[in-house]
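Undergrad: Predicted model, plus sequence, below.
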Amino acid sequence: MTLMQKFLGATATLALSAGAALAEPALIFDLGGKFDKSFNEAAFNGAQRWAEETGESFREIELQSEAQREQALRRFAEAGSNPIIMTGFAFGDALGQVAGDYPDTDFVIIDMVVDAPNVRSVVFNEHEGSYLVGMMAAMASENDTVGFIGGMDIPLIRKFACGYAQGVKAVNPDANVVANMTGTTPAAWNDPVKGSELTKAQISQGADVVYAAAGGTGVGVLQTAADENILSIGVDSNQNYLHPGKVLTSMLKRVDNAVYQAMKDGPGMEKGFNVMGLANGGVGYAMDENNAELVNAEMQAMVDEAAAKIASGEITVHDYMSDDSCPVLSF
Amino acid sequence: MDFLALIDLSVLDSTVRLATPLLLACLAGLFSERAGIFDIGLEGKMLAAAFFSAAVAAITGSVWLGLLAGIAASLALSGLHGLASITFRGNQLISGVAINFLAAGLTVLIAQDWFSQGGRTPSLFGGGRFEGITLPFAETLRAVPFFGPLYYELISGHSILVYVAFAMVPGTWWILFRTRFGLRLRAVGENPAAVDTAGVSVVGLRFAAVGICGILCGIAGAYLATGLQAGFVKDMTAGRGFIALAALIFAKWRPWHALWATLLFGYLQAIALRPDIIEGALGFQVQVQLLDALPYILTVVILAGFVGKAIPPRAGGAPYVKER
């Protein structure tokens, strides 16, 4: 019995000291996977940048199923990781349950608001960035018809679609916006075949610029757009390089900046509501050598002007999630 | 109401593309189940084939080597299914489920190890993809009214695997109903003891059927990754193996019916992509979710015996025990 107690005591001390030593940040990727060339990959890049700059390390996990959310959160919190960063709206419920049990651990959730004293909620004004790429789409379109392909049909993706449609209408009030969602289950994030068919369906309706906000499904959209010789718009990360000369631009959502900032701030960071918009560089559009020929100076000047006006509050872009409706697009 | 608007050429074109993997998987299941081996591992085999065809095509630059690799991967999983359910007389459903899980996990793991792109393969280009082939006279006949555009848009311009899939329908019918092998194969699914009494190897026939199933699933997976797409993305089969199973029941385990069933299911998927056409034709909106669910609803209706009766091969699902 005494031997057993000694063992138990020894393991407990070991666990405690290990826990203290492991006060490193943790990053949890959503079901799309770490290398989705999009949202989660941006988070990873931010963490990687922090690790390279500071020489420290972080812990990470890629979720495989819905059931793992709470488990992963608790395991990192038990192991003493701090702060714990998670990417994705779907963590909302799990974090709401877990946060209270670990008052000394800081949590950062991206794309969702969780009201707890130890949580920083980072949300992006995707509608503002989508507005800008919508303007570019309308200027690049020759048929006055542009397309939008969303992944899973959730309010967040409708927010993208709504901002995009507003940008299109701002440039060309007569333009037609064709919007489709891939599906209503998480499988909609990983169905490039359906993404391809949706793109072809939109092309037959006259669309010649297609904006994909669909995770892995977007790979199929961009591929088909390039094959069929129309333009596409990437999302979240800079996807211009995937098909040089065929991707008009990418709507950047600087998840990397949010993750980098959270890791830099470390334990004891400022909590609460954190909005990343055009004003503070949270969203934007991508320009590099791959799309330089597609975007002329006039186009860029117009978009930059609109960006400045949105940042200063002169133009307000309607946020779908504020009232679950969109003035220019019906779903 | 303008029902003719529902028959849009671009929708039919999309139907052919979406129905092809379903058709191949459905015929694969047909061979296997006609021989008495239930196979719910179609999904997993397609997924494995999709990955290996894309991976090998990406490495070698040859889509034909990719196709062979895809078929080989699918055959390997078929062999596993055969070993578990024929040789060791295990439960066929459990073996099928295991294959689905195995393929879902292994493909991502190997892809990550080989390419480090997070469970996907690099994008294929040039000779690494199946391009659409233009059939003879497609350009010249295009001007002919009605038939010309139909031939040019709908029939011509698909990848070679599409034509292979459609040719497999009469092929399957001929093998199953006009050859000695086919007769024995069907018999082994109905009454294996009788086949055994006649001195024909039950195990051999069943392995042959499972092997053909593997080859067809391999072609289906390769078509997804190298014909429709330019690379593999994790879980890219997205439930097509299960829709194919539903189509198999819907078709009551018959080859020609399988063609109509998969075309119908493909059409439902294709028309779901064009809510504007549905609204224009019917005058009201139909929920996309309803269209997505229709294949399963129709299958349940058939299974419930409302429209004819779906009777599976009698010895299906039961391992054959030679002596007691």
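TA: Yep, it's here. Keep in mind it's a predicted model, so treat the numbers as computed, not measured.

Undergrad: How many neighbouring residues does the residue lying closest to residue B:106 once chain neighbours are set aside have?
TA: Using CB to CB, 6 or more residues apart in numbering or on different chains and skipping residues adjacent in sequence, the residue nearest residue B:106 is residue B:48, 7.1 Å away. No exception for glycine: its C-beta is placed from N, CA and C like everyone else's. A count of neighbours around residue B:48, defined by other CB atoms under 10 Å in any protein chain shown, yields 31.

Undergrad: Give me the helices and strands touching the strand or helix carrying residue B:48, please.
TA: Residue B:48 is part of helix B:42-60 when elements are defined by DSSP states H and E. For helix B:42-60, the packing partners by 3 or more CB pairs under 8 Å, 6 or more residues apart in numbering or on different chains; DSSP states H and E come out as helix B:9-34, helix B:63-82, helix B:92-115, helix B:202-222, helix B:240-250.

Undergrad: Residue in chain B with the shortest distance to chain A?
TA: Residue nearest to chain A within chain B: residue B:118 (2.0 Å; CB to the nearest CB).

Undergrad: Hey, what's the angle from the helix holding residue B:48 to helix B:63-82? Just curious.
TA: 150 degrees (axes from the mean of the first three to the mean of the last three CA atoms, to 10 degrees).

Undergrad: For helix B:42-60, give the mean pLDDT please.
TA: Averaging pLDDT along helix B:42-60 yields 96.

Undergrad: Give the buried residues for it.
TA: B:42-59 (16 or more other CB atoms under 10 Å in any protein chain shown).

Undergrad: got it, and stretch B:81-97?
TA: B:81, B:82, B:84, B:85, B:86, B:92, B:95, B:96.

Undergrad: Export those residues to TSV and append columns for distance to residue B:204 and pLDDT.
TA: Formatted as TSV, the buried residues of stretch B:81-97 follow (distance: CB to CB, whole Å; pLDDT from 0 to 100):
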residue	distance to residue B:204	pLDDT
B:81	16	96
B:82	11	95
B:84	17	94
B:85	15	93
B:86	10	93
B:92	18	93
B:95	19	95
B:96	21	95
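
Undergrad: Widest-spaced pair of the residues you listed?
TA: Within the buried residues of stretch B:81-97, B:86 and B:96 form the most distant pair, 13.0 Å apart (CB to CB).

Undergrad: What's the nearest residue in chain A when you look at chain B?
TA: As assessed by CB to the nearest CB, chain B sits closest to residue A:35 within chain A, at 2.0 Å.

Undergrad: how many other residues sit next to residue 223?
TA: You didn't pick a chain, so chain A it is. 26.

Undergrad: oops, I was thinking of chain B
TA: Count around residue B:223 with other CB under 10 Å applied: 30.

Undergrad: ditto for the one 5 residues further on
TA: Neighbour count of residue B:228, defined by other CB under 10 Å: 26.

Undergrad: Please apply the same query to residue A:101.
TA: 11.

Undergrad: One more: residue B:32?
TA: 32.

Undergrad: can you pull the pLDDT of it?
TA: So residue B:32 comes in at 96 (pLDDT).

Undergrad: my guess is it meets residue B:210, correct?
TA: Yes: Residue B:32 lies in contact with residue B:210 (CB atoms under 8 Å); the separation is 5.6 Å.

Undergrad: between the two, what contacts are shared?
TA: Counting by CB atoms under 8 Å, 6 or more residues apart in numbering or on different chains, the shared contacts of residue B:32 and residue B:210 are residue B:39.

Undergrad: which regions of the chain lie under the pLDDT threshold?
TA: Looking at chain A here, since you left the chain open. A:1-22 (pLDDT under 70).

Undergrad: not what I meant, chain B
TA: Short version for chain B, where the test is pLDDT under 70: B:1, B:306-307, B:324.

Undergrad: For it, which residues are neighbours of chain A?
TA: B:8, B:10-11, B:13-14, B:17-18, B:108, B:116-120, B:123, B:224, B:228-231, B:233-236, B:238-239, B:269-270, B:273-276, B:288-289, B:292 (CB under 8 Å from any CB of the partner chain).

Undergrad: Buried among the residues you listed? Make that a PyMOL selection.
TA: Applying 16+ other CB under 10 Å to the residues of chain B next to chain A leaves a buried subset, and the PyMOL line that selects it is:
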select buried, chain B and resi 8+10+11+13+14+17+18+108+117+118+119+120+123+224+228+229+230+231+233+234+235+236+238+269+270+273+274+275+288+292
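
Undergrad: Among the residues of chain B next to chain A, which lie within helices?
TA: B:10-11, B:13-14, B:17-18, B:108, B:269-270, B:275-276, B:288-289, B:292 (DSSP state H).

Undergrad: What is the nearest of those to residue A:51?
TA: Nearest to residue A:51 among those: residue B:108, at 24.0 Å, using CB to CB.

Undergrad: residue contacts, the closest residue to the closest one other than its chain neighbours?
TA: Distance criterion CB to CB, 6+ apart; nearest residue to residue B:108, sequence neighbours excluded, is residue B:119 at 3.6 Å. Residue B:119 sits next to A:33, A:35, B:107, B:108, B:109, B:111, B:112, B:233, B:234 when contact means CB under 8 Å, 6+ apart.

Undergrad: Make a markdown table from the residues you listed and add distance to residue B:178 to it.
TA: Listed next are those as a markdown table, based on distance: CB to CB, whole Å:
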| residue | distance to residue B:178 |
| --- | --- |
| A:33 | 48 |
| A:35 | 50 |
| B:107 | 38 |
| B:108 | 43 |
| B:109 | 44 |
| B:111 | 42 |
| B:112 | 47 |
| B:233 | 40 |
| B:234 | 41 |
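
Undergrad: Residue B:199: which element?
TA: Counting by DSSP H and E, residue B:199 is found in no helix or strand.

Undergrad: Can you tell me how far it is from residue A:81?
TA: 67 Å (CB to CB, to the nearest Å).

Undergrad: and these two? which has more neighbours close in?
TA: Counted by other CB under 10 Å, residue B:199 and residue A:81 do not tie: residue A:81 has more neighbours, with 24 against 6.

Undergrad: The more buried one belongs to a helix, doesn't it?
TA: No: Residue A:81: not assigned to a helix; according to DSSP: H, G, I helix; E, B strand; the rest coil it is coil.

Undergrad: Please look at it and residue A:25 and confirm they touch.
TA: Yes: with contact defined as CB under 8 Å, residue A:81 reaches residue A:25; the gap is 6.5 Å.

Undergrad: what is in contact with those two at once?
TA: The contact sets of residue A:81 and residue A:25 overlap at residue A:59 (CB under 8 Å, 6+ apart).

Undergrad: Can you lay out the helices and strands packed on helix B:42-60 as TSV showing distance to residue B:164?
TA: Output for the helices and strands packed on helix B:42-60, formatted as TSV (distance: least, CB to CB, whole Å):
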stretch	distance to residue B:164
helix B:9-34	8
helix B:63-82	10
helix B:92-115	22
helix B:202-222	7
helix B:240-250	16
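
Undergrad: Residue B:171 is nearest to which of those?
TA: Comparing the helices and strands packed on helix B:42-60 by CB to CB, helix B:9-34 comes nearest, at 8.7 Å.

Undergrad: which parts of that closest one are buried?
TA: Within helix B:9-34, the residues scored as buried using 16+ other CB under 10 Å are B:10-34.
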